[in-house]
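Engineer: Sequence and predicted structure, then a few things I'm wondering about:
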Amino acid sequence: MSATKTKMRQLVDWRAAWRAGLLSGLLCLAVNMLLTSVYVGSPWVVIRLVASLVLGERVLPPPATFDATVFVVALVVHLGLSLGYACLIAYVLHRWGLLVGIAGGAVLGLALYAINFYTVSFFFPWFFPMRSWIMALSHALFGACAGGLYEAMEVERFVPAES
């Protein structure tokens, strides 16, 4: 009688990734609105910045006040990006535990900040002046929350690995 060991690989729990992305995106948006309210003077600055990805830079000039159309567009864009980024974070970190999910997610969040504000700003040049510790902190917070929430909500499933 011989015992054979089958090598297994862990699958990504996409349902947990979506839930983590949605919750982290909402938290990140609330933190961004709070910080821009305190340090920039209006919570709607970040909403108009996100909406400008679809509506163009015409939504940026002051006064940065509430506008329902701008808010809905910003919410759709922000949550769409949050879901995509959370799926990316889950794909990279799904084999580890909660602490690596939080720390690794924060690092990946900072990488997303660098990509968003130093390369994507080539296509949206009005993003470049918005580089700040507020945006870096919110991206790190988003990544940490997405990675941590994913690991906390993940249902681990394994399948035989192909050799």
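Structural biologist: Received the coordinates, thanks.
Engineer: Tyr150: neighbour count?
Structural biologist: As a burial measure, Tyr150 scores 30 neighbours (other CB atoms under 10 Å). For glycine as for every other residue, the C-beta is placed from the backbone atoms N, C-alpha and C.
Engineer: so who does it touch?
Structural biologist: Residues in contact with Tyr150, defined by CB atoms under 8 Å, 6 or more residues apart in numbering, are 13, 16-17, 20, 86, 89-90, 93-94, 101, 105.
Engineer: repeat that with 7 Å
Structural biologist: 16-17, 20, 86, 89-90, 101 (CB atoms under 7 Å, 6 or more residues apart in numbering).
Engineer: Which strand or helix spans it?
Structural biologist: Per DSSP states H and E, Tyr150 falls inside helix 133-153.
Engineer: how far does that helix sit from the chain's center?
Structural biologist: 7 Å (CA atoms, centre = their mean, to the nearest Å).
Engineer: what residue is smack in the middle of this structure?
Structural biologist: For the chain, the residue nearest the mean C-alpha position is Ser82 (4.0 Å; CA atoms, centre = their mean).
Engineer: what helix or strand is that one on?
Structural biologist: Going by DSSP H and E, Ser82 is part of helix 68-93.
Engineer: what are the phi and psi angles of Ala56?
Structural biologist: Careful, residue 56 is Gly and not Ala. With angles defined as degrees, to the nearest 10, Gly56 sits at phi 90, psi 170.
Engineer: where does the protein dip in pLDDT?
Structural biologist: Scanning the chain with the threshold set as pLDDT under 70 gives 1-3, 163.
Engineer: quick one, phi/psi of Pro61?
Structural biologist: According to degrees, to the nearest 10, Pro61 has phi -60, psi 150.
Engineer: What residues of stretch 88-96 count as buried?
Structural biologist: Within stretch 88-96, the residues scored as buried using 16 or more other CB atoms under 10 Å are 88-90, 93-94.
Engineer: Alright, I will stop here.
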